[in-house]
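S.K.: sequence plus the predicted model coming up.
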Amino acid sequence: MPLTQLQITPGIDKENTPTAAEGKWIDCDKVRFRWGLPQKIGGWEPLSADYYLGTGRALFNWFDLDGFRYSSLGTNKKIYVYRGGLTQDITPIRLTANITDVFTTTNTSVNVEITHAAHGADIGDFVTISATSAATVGGIANTALDNEFEIIAVANTSSYTIETTGNAATSAVTDTANCTATYQLNIGPEIQTSGYGWSAATWSLSTWGTPRTTSEIDLDLAQWSIDNWGEDLIITKRNGGTYVWDTSAGMTTNRATIIANAPTTTILSLVTPESRHLVCLGTETTIGDPATQDKMFIRWSDQENYDEFTANAINTSGSQRLAAGSEIRASKAGRAETLVWTDTTIFSMQFIGAPFTFGFKKLGSDCGIVGLNSGILVEDIAYWMGDGKFFAYAGSVQEIPCSVKNYVFDDINKVQYSQVYAGHNSQFNEIIWYYCSSSVNQIDRYVIYNYAEKVWYIGNLERGSWMDNGVYPNPIASEYTAATTANTITTIYGLTAGRTVLYNQEEGYDANGVALAAYIESGDGDIASGEDFSFVNKFIPDFQNLIGNAQITISVRDYPGNTKTAKPTQNVSSTTTYLNLRARGRQISLKVANSELGDNWRLGTMRINIRPDGRR
């Protein structure tokens, strides 16, 4: 009997049963489609050797005026800038105070209590102690106290505790010596949480004085929006202030500083490329008063002046409140318009000049976005994740047909929608959404839409943020590991676990020195709609760029409800001509995989010797 060519449609189909998905691929991991054929994705290697504190939630790459490459990473604890092997902590300072009668120690303990009225610090915040006035405090040398610390406990508004790792006190003292305390911005939650306790539900819900165990309040995770103002950075902490980082001030002791006249509480900001306005979205109706934050309110600065937000007759500052939705969630600036998403709606914000500066138009309803980073613009076409759907905008809003929609949204952690991070991999025409599956609170999966070939595929990968190539030769992405306690760029005492690393993606074939396992599996094929048994006795592989081994597994079953029987897996190398098989069943499926260091493959056109083998 002549050989049969395996014709399998590109993309993954999770909407049908394996039997209904005959002639299609039904599952994969670490595999992409290019020109209709599946291939293993590229590997990754570290961009730098540095570890960053906290969970990476924002990533931005740019060039300075001298052509140097930079990358900025925002985590729930700090914000960093990386350039050519050097990393700088640029986290803004919220308070510097000279305080007296500061230190309390306990004999043999490494913990030191700091007394400072109205310090404003939370557990996990960072404080730098300097200029300690005594040579020793309870036996702890001032050189051990004059350092940066992660605050390990907060007793009240007037005291907190630090840990002088390896420097135990030899005596007990109380409120001794003076120092300068420099506090960085308060850290934020690494995940989205519901508020519990007092004031976390509606009035008169239950008995007075009882903390709530359910909530209608979400506590937003810590995120940043980062954009360019020339070669400098404009940085906004979600529901916080807006800052500027001056690139020309160098990479040593150079922190982002507050923009004095900008709103102090804003969901996100961006710079409009066509008009050079700094736009603050979800911000204050009265500048400088956080209590007036309106999550549907937009303010923009004077043109070419990010420090002027008060409108007058001779500038272009202004404001606008959007009318559809309960909060602004995301915004992206294109060449001709800026897109603004709320939880329900998408708007166009377009520069129109005096006297209104910007005009606003509703583009679509019931097409809201799930989070700050869950949308992306590619050549002025917007792609984003909504609640249960994927959308695109190219002159009009359209739902993108998705062959893995139920797979994604039936097993996604909706409480962690805010973590969803959309990336663009231009080399392969891919829009990637990283998200949390339903049983976890940190990103562990991805779904990809190949917009050139209009196919979808899926996989498992922990990436909290992503930036396409352009500034760097490869895409850059961040990975968070909760248990890591590796040393960071500077000495900080009392550090808790949790670090982020940056990777060059699409680099080599392995996962930072570990084998990058990948696989793809087909639906069930049959003869005469399963009326006949099929017998396969020969398989002729066809691979491009095969390095190492690929593993071929043929599985069979008689009925859709039966468990598949997998025939022995066989390795295929570049010298393999054919495989001898003995597989018999009404339905037959194919799996291609790899598991060894250095393996790489791209599937071609497979052929099998298959024939009817009688009926029962």
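M.R.: Ah, there it is.

S.K.: in contact with the nearest residue to Thr9 once chain neighbours are set aside, which residues?
M.R.: Excluding the flanking residues, the one nearest Thr9 by C-beta to C-beta, 6 or more residues apart in numbering is Lys24, at 4.9 Å. To be clear about C-beta, it is placed using only N, CA and C from the backbone, and glycine gets the same treatment. Listed by C-beta atoms under 8 Å, 6 or more residues apart in numbering, the contact set of Lys24 reads Ile8, Thr9, Gly11, Ile12, Asp13, Asn16, Ser522, Gly523.

S.K.: and Lys24, what's its pLDDT?
M.R.: For Lys24, the model assigns a pLDDT of 96.

S.K.: do the same with the one 3 residues further on
M.R.: Reading off the per-residue confidence, Asp27 sits at a pLDDT of 98.

S.K.: how close does Gly498 sit to Trp224?
M.R.: According to C-beta to C-beta, to the nearest Å, Gly498 and Trp224 sit 17 Å apart.

S.K.: kindly report the same for Ser348.
M.R.: 25 Å.

S.K.: looking at the two, which is more packed in?
M.R.: Trp224 (26 against 17; other C-beta atoms under 10 Å).

S.K.: got the contact list for the more buried one?
M.R.: Contacts of Trp224 (C-beta under 8 Å, 6+ apart): Arg57, Ala58, Gly74, Ile79, Ile235, Thr236, Lys237, Arg238.

S.K.: ditto for Asp387
M.R.: Taking C-beta under 8 Å, 6+ apart, one finds Gly368, Val370, Lys414, Tyr417 in contact with Asp387.

S.K.: out of those, which are buried?
M.R.: Gly368, Val370, Tyr417 (16 or more other C-beta atoms under 10 Å).

S.K.: checking the closest residue to the second one other than its chain neighbours next. Helix, strand or coil?
M.R.: Leaving aside its sequence neighbours, Val370 sits nearest to Tyr417 (C-beta to C-beta, 6+ apart; 3.9 Å). Tyr417 falls in the helix class when you classify it by DSSP: H, G, I helix; E, B strand; the rest coil.

S.K.: quickly list what Ala593 is bridged to.
M.R.: On the basis of DSSP bridges, Ala593 is bridged to Tyr519, Gln551.

S.K.: first-to-last residue distance for stretch 136-153?
M.R.: End-to-end distance for stretch 136-153, by C-alpha to C-alpha, to the nearest Å: 23 Å.

S.K.: figure out how far that stretch is from the centre of its chain.
M.R.: 35 Å (C-alpha atoms, centre = their mean, to the nearest Å).

S.K.: what's the answer for stretch 262-279, then?
M.R.: 21 Å.

S.K.: what's the distance between the residue nearest to Arg83 when sequence neighbours are not counted and Gly250?
M.R.: Spatial nearest neighbour of Arg83, excluding adjacent residues (C-beta to C-beta, 6+ apart): Tyr70 at 5.0 Å. Remark: distance between Tyr70 and Gly250 (C-beta to C-beta) = 12 Å.

S.K.: neighbour-wise, which of these two wins?
M.R.: When Tyr70 and Gly250 are compared for neighbours, Tyr70 comes out ahead with 22 against 11, by other C-beta under 10 Å.

S.K.: gap between the strand or helix carrying that one and the chain center?
M.R.: Using DSSP states H and E, Tyr70 maps to strand 69-75. Relative to its chain's centre, strand 69-75 lies at 13 Å (C-alpha atoms, centre = their mean).

S.K.: other residues contacting it?
M.R.: Against strand 69-75 from outside (C-beta under 8 Å, 6+ apart): 47, 52-64, 79-84, 90, 222-224, 226, 233, 235, 245, 247, 465, 467, 471-472, 476, 478, 500, 502.

S.K.: quick revisit: from the contacts of Lys24, which is closest to Phe358?
M.R.: Gly11 (39.8 Å; C-beta to C-beta).

S.K.: tell me the domain boundaries of the protein?
M.R.: By the record's domain assignment, the chain is partitioned as 4-41+519-612, 93-184 (automatic domain parsing).

S.K.: mind putting the ones you listed into TSV with distance to Gln442?
M.R.: Converted to TSV, those look like this (distance: least, C-beta to C-beta, whole Å):
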stretch	distance to Gln442
domain 4-41+519-612	18
domain 93-184	17
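
S.K.: I'd say Asp343 and Ala330 touch.
M.R.: No: using C-beta atoms under 8 Å, Asp343 makes no contact with Ala330, being 10.0 Å away.

S.K.: tell me the strands beside the helix or strand where Asn545 lies, with direction?
M.R.: Element membership for Asn545, per DSSP H and E: strand 543-547. Strand 543-547 pairs in its sheet with strand 600-603 (antiparallel), by DSSP bridges.

S.K.: show me the contact partners of the partner strand.
M.R.: 34, 37-40, 509, 520, 542-548, 550, 592, 594.

S.K.: name the helix or strand of this structure that has the lowest mean pLDDT.
M.R.: strand 218-219 (a mean of 74; mean pLDDT, DSSP states H and E).

S.K.: before we move on, the earlier item: can I get the strand holding Asn545 in CSV? Just the C-alpha atoms.
M.R.: Extracted in CSV, the C-alpha atoms of strand 543-547 (Å, rounded to 0.1, in the frame of the first residue of the first chain):
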residue,chain,number,x,y,z
PHE,A,543,12.8,17.2,10.0
GLN,A,544,14.5,20.4,9.3
ASN,A,545,17.3,21.7,11.6
LEU,A,546,17.3,18.5,13.6
ILE,A,547,20.0,18.7,16.3
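
S.K.: now do it: distance to the chain's middle.
M.R.: 32 Å.

S.K.: what mean pLDDT does it have?
M.R.: The average pLDDT for strand 543-547 rounds to 94.

S.K.: make 37 the starting number, not 1.
M.R.: Fine by me, first position is 37 from now on; the one you just mentioned is strand 579-583.

S.K.: who's in contact with it?
M.R.: Contacts of strand 579-583 (C-beta under 8 Å, 6+ apart): 73, 75, 545, 586, 608-610, 634-640.

S.K.: and of the residues you listed, the nearest to Gln220?
M.R.: Of all the contacts of strand 579-583, Gln220 sits closest to Tyr545, with 40.0 Å by C-beta to C-beta.

S.K.: wait, is the closest one part of a strand?
M.R.: No: under three-state DSSP, Tyr545 sits outside any strand and is assigned coil.

S.K.: what's the closest non-adjacent residue to Thr172?
M.R.: Nearest to Thr172 is Asn178, by C-beta to C-beta, 6+ apart, at 6.8 Å.

S.K.: residues near that neighbour, how many?
M.R.: 18.

S.K.: check Thr289 too.
M.R.: Thr289: 9 neighbours (other C-beta under 10 Å).

S.K.: and what of Ile271?
M.R.: Around Ile271 there are 26 residues (other C-beta under 10 Å).

S.K.: again, but for Val592
M.R.: Val592: 21 neighbours (other C-beta under 10 Å).

S.K.: sorry, back to before: rebuild the contacts of strand 579-583 as JSON lines, extending it with distance to Thr151 and neighbour count.
M.R.: As requested, the contacts of strand 579-583 are arranged in JSON lines below (distance: C-beta to C-beta, whole Å; neighbours: other C-beta atoms under 10 Å):
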{"residue": "Leu73", "distance to Thr151": "67", "neighbour count": "16"}
{"residue": "Gln75", "distance to Thr151": "62", "neighbour count": "20"}
{"residue": "Tyr545", "distance to Thr151": "56", "neighbour count": "21"}
{"residue": "Ala586", "distance to Thr151": "65", "neighbour count": "27"}
{"residue": "Val608", "distance to Thr151": "70", "neighbour count": "22"}
{"residue": "Ser609", "distance to Thr151": "70", "neighbour count": "12"}
{"residue": "Ser610", "distance to Thr151": "71", "neighbour count": "12"}
{"residue": "Gly634", "distance to Thr151": "58", "neighbour count": "14"}
{"residue": "Asp635", "distance to Thr151": "60", "neighbour count": "21"}
{"residue": "Asn636", "distance to Thr151": "60", "neighbour count": "22"}
{"residue": "Trp637", "distance to Thr151": "64", "neighbour count": "26"}
{"residue": "Arg638", "distance to Thr151": "65", "neighbour count": "18"}
{"residue": "Leu639", "distance to Thr151": "67", "neighbour count": "22"}
{"residue": "Gly640", "distance to Thr151": "72", "neighbour count": "13"}
